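J.: no sequence on this one, just coordinates:
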């Protein structure tokens, strides 16, 4: 009884601490207001400690006496989820007039820090360290011995109660000795390895990441354009910076094709931040005047092997129009701790994925054939590898980033993942070919793009849109019941993926026993052997023989295989990727099951898989006697 009484007293004391005057008053004032924050916050970030990969942060924040809430950014635009890396923040110290102030964390909001500013204090000193991930289990690597990718949201606290656009920050960075950098911030002044930037809004700062590196190259993609677009490359080794004339021409044409598509530019300049690396964590993240991108070191030097990654840059730059300038209304928030609403990500990301693929072909980053091969994979994954469609709609997948933070799934084919990207892409192909059919090929989705995203040339926005706005704009191109058309695809359950766009485009999805060039590039870059369309498994080539995916309901699934199981032997012979392919080929049309010895945990067992359909790789095939609208869609405009 005495223990229970002590526990009750302790709980009551904690309640007083957590819900006392500071917490109550700051909670009342925490709602953001559209007024300017008084004064300028200075932010100094030192990223030069490459031994420990720790970024050191110092801030000076103008304040007035009373309760104050400082927020660590939680909701990040391009992530579509509350992923602010607060677990990496350490050593937080707040001082006033040289004396340390105690802070407490809001017990219901771990991104909020509560502090009382004493009378007579007009400025707080804030210091902390951002301990960036040093092993993969901690998150994406952002610092290596040769490059750093700085997202300012990871290294700033800001006062609650104000719109992000109304908070002014004067940032600076200390780089490793001799490194070069790229960022879309204005007014840089460099002294040695310290770079100071002009004061900017918190909103613009957090939308302007910085890449820096030991091996650096800047390439002008618009030598005669009215607004500069630069390709800023950092690499693990100098050799990776070698961009050939034909490669440069394709990237310049990419920008020209995007301008021709939208007919406007919503930036004063645009900076591609492009890491060619095996060590920095993979990234493709959009910003208004820049984007974060990474590919393998051989992107330029092994050009023929890297086709599967070439849609990344056109995808991310398309976001300057779709996602940054024009943004779904639910993704327009006053600050970075207000929850976002993802219901229109099939436009934001699905439409962008569509144009990323189309611009890749129009610019010459892909040949027409490679482009068709890429579309075949998208169509096949959504058509054959998504049995979960029968219970979960495409519209519901927009919630996936919030639900899982992109953690791996046990059965992606059943659970579905962020399919609003690729199935959304198929929906937009459906829309494009439907416009062409209805208008007797006089109007296209390009007309929608220019009318919807190409307005207000030079303006940054955001200009919000709703589902009804999308429908109205489509009706402005050609009259049709677009609302029903879209809802049937967003809320339907199949059977199969929406492939009418391919059919109307003059092509159909088929399977052959030979992988396409794009398919092989995709396997190599992903480091796996993909047999999901046949046997029903993908097998890692990085972790020898380990199964990385099992398609729900496939022959492999029915045999009891799951992700994480290791294939030890195939038909009595030690596992090798080519051995599994040979076994699938040999079993075709017969009646002898494929026999695998597999290991999971410390248990070995033999499984027999009665699969006789042979190797299955997706490709597109022309439908005789039909109009080739698909090739018309990918035809260059410049």
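T.: Thanks, I have it. What you are looking at is a predicted structure, and each value in this text was computed from that prediction instead of being measured.
J.: all helices of the stretch 501-638 of the chain, in order?
T.: 517-526, 555-558, 577-587, 629-633 (DSSP state H, counting those that start in this stretch).
J.: Let's have those in a markdown table, adding mean neighbour count.
T.: In this view, the C-beta of every residue, glycine as well, is placed from N, C-alpha and C. Formatted as a markdown table, the helices of the stretch 501-638 of the chain follow (neighbours: other CB atoms under 10 Å):
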| stretch | mean neighbour count |
| --- | --- |
| helix 517-526 | 18 |
| helix 555-558 | 20 |
| helix 577-587 | 17 |
| helix 629-633 | 20 |
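J.: List the residue ranges of this structure that fall below the pLDDT cut-off.
T.: 1-29 (pLDDT under 70).
J.: quick one, domains of it?
T.: 33-176, 331-503, 517-617 (automatic domain parsing).
J.: got CSV for those domains, with distance to residue 201 too?
T.: As requested, these are exported to CSV (distance: least, CB to CB, whole Å):
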stretch, distance to residue 201
domain 33-176, 5
domain 331-503, 11
domain 517-617, 37
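J.: Out of these, the one nearest residue 296 is which?
T.: domain 517-617 (6.4 Å; CB to CB).
J.: Residue 205 is nearest to which of the domains of the chain?
T.: Taking those one by one with CB to CB, domain 33-176 is closest: 5.1 Å.
J.: Report how far apart the opening and closing residues of the closest one are.
T.: With CA to CA, to the nearest Å as the measure, domain 33-176 spans 39 Å from end to end.
J.: can you redo the helices of the stretch 501-638 of the chain as a markdown table with distance to residue 90?
T.: Converted to a markdown table, those look like this (distance: least, CB to CB, whole Å):
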| stretch | distance to residue 90 |
| --- | --- |
| helix 517-526 | 34 |
| helix 555-558 | 44 |
| helix 577-587 | 43 |
| helix 629-633 | 51 |
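J.: still on that earlier bit, for residue 298, find the nearest of the domains of the chain.
T.: domain 517-617 (9.6 Å).
J.: follow-up on the earlier one: nearest to residue 372, of the helices of the stretch 501-638 of the chain?
T.: helix 629-633 (7.3 Å).
J.: Would you mind identifying the next helix or strand past the strand or helix carrying residue 360?
T.: Using DSSP states H and E, residue 360 sits within helix 350-363. The helix or strand immediately downstream of helix 350-363 is helix 368-384, counting by DSSP H and E.
J.: Could you list the buried residues of that next one?
T.: 370-384 (16 or more other CB atoms under 10 Å).
J.: And stretch 58-66, by the same measure?
T.: Quick answer for stretch 58-66 (16+ other CB under 10 Å): 58-61, 63.
J.: tell me which of these is nearest to residue 185?
T.: For the buried residues of stretch 58-66, the nearest to residue 185 is residue 59 (16.7 Å; CB to CB).
J.: the helices in the stretch 151-300 of the chain, which residues?
T.: 202-206, 245-262.
J.: For the longest one, which residues meet the burial criterion?
T.: Going by neighbour count (16+ other CB under 10 Å), the buried part of helix 245-262 is 247, 250-262.
J.: can you list contacts of that helix?
T.: 219, 221-223, 225, 229, 231, 243, 265, 300, 303, 313-314, 317-318, 321, 355, 359-360, 362-365, 446, 449-450, 453-454, 636-638 (CB atoms under 8 Å, 6 or more residues apart in numbering).
J.: Am I right that residue 402 is in a strand?
T.: No - read with DSSP: H, G, I helix; E, B strand; the rest coil, residue 402 is helix and lies in no strand.
J.: ok, it to residue 83 distance?
T.: From residue 402 across to residue 83, the span is 9 Å (CB to CB, to the nearest Å).
J.: do residue 261 as well
T.: 30 Å.
J.: and if you look at residue 155?
T.: 15 Å.
J.: Specify which residue of those two has the higher count of neighbours.
T.: Neighbour count, other CB atoms under 10 Å: between residue 155 and residue 83, residue 155 has more, with 28 against 18.
J.: quick one, what contacts the more buried one?
T.: 43, 45, 55, 57, 130.
J.: The last one belongs to a strand?
T.: Yes - assessed by three-state DSSP, residue 130 belongs to a strand.
J.: Use 497 as the first number for this chain going forward.
T.: All set: I'll call the first residue 497, so the last point we hit is now residue 626.
J.: was I right about it contacting residue 587?
T.: No - using CB atoms under 8 Å, residue 626 makes no contact with residue 587, being 9.5 Å away.
J.: These two: which is more packed in?
T.: residue 626 (23 against 12).
J.: which residues does that one form a beta bridge with?
T.: Beta-bridge pairing of residue 626 under DSSP bridges involves residue 551, residue 585.
J.: Out of the domains of the chain, flag the one nearest residue 694.
T.: domain 529-672 (7.6 Å).
J.: Can you get me a residue count around residue 957?
T.: Applying other CB under 10 Å, I find that residue 957 has 16 neighbouring residues.
J.: roughly how far apart are the closest residue to it other than its chain neighbours and residue 807?
T.: Closest residue in space to residue 957, ignoring its immediate chain neighbours: residue 821 at 4.1 Å, by CB to CB, 6 or more residues apart in numbering. Per CB to CB, residue 821 is found 21 Å from residue 807.
J.: Using just helix, strand and coil, how would you label residue 922?
T.: Taking three-state DSSP, the label given to residue 922 is helix.
J.: My guess is it contacts residue 994. True?
T.: Yes - the pair residue 922 / residue 994 is scored as a contact, 5.1 Å apart, by CB under 8 Å.
J.: Of those two, which one has the most company?
T.: residue 922 (26 against 21).
J.: Skip the chain neighbours and tell me the closest residue to residue 1035.
T.: Nearest to residue 1035 is residue 1025, by CB to CB, 6+ apart, at 4.8 Å.
J.: among the domains of the chain, which is nearest residue 776?
T.: Per CB to CB, nearest to residue 776 of these: domain 529-672, 5.5 Å.
J.: quick check, residue 832 in a strand?
T.: No - under the criterion used here (three-state DSSP), residue 832 is coil, not part of a strand.
J.: tell me the contacts of the closest residue to it other than its chain neighbours?
T.: Once flanking residues are discounted, residue 832 sits nearest to residue 569: 3.8 Å by CB to CB, 6+ apart. Counting by CB under 8 Å, 6+ apart, residue 569 touches 580, 607, 649, 652, 654, 702, 832-833.
J.: switch to 6 Å and redo it
T.: 580, 649, 832 (CB atoms under 6 Å, 6 or more residues apart in numbering).
J.: Which single one of these is nearest to residue 905?
T.: When those are compared for distance to residue 905 (CB to CB), residue 580 wins out at 22.9 Å.
J.: Not counting its neighbours along the chain, what's nearest that closest one?
T.: Nearest one to residue 580, counting by CB to CB, 6+ apart, is residue 570 at 4.3 Å.
J.: Would you quantify the distance from the nearest residue to residue 876 once chain neighbours are set aside to residue 816?
T.: Among residues not flanking residue 876 along the chain, residue 1114 sits closest, at 3.5 Å (CB to CB, 6+ apart). Noted for residue 1114: a distance of 31 Å to residue 816, by CB to CB.
J.: This completes my enquiry, with thanks.
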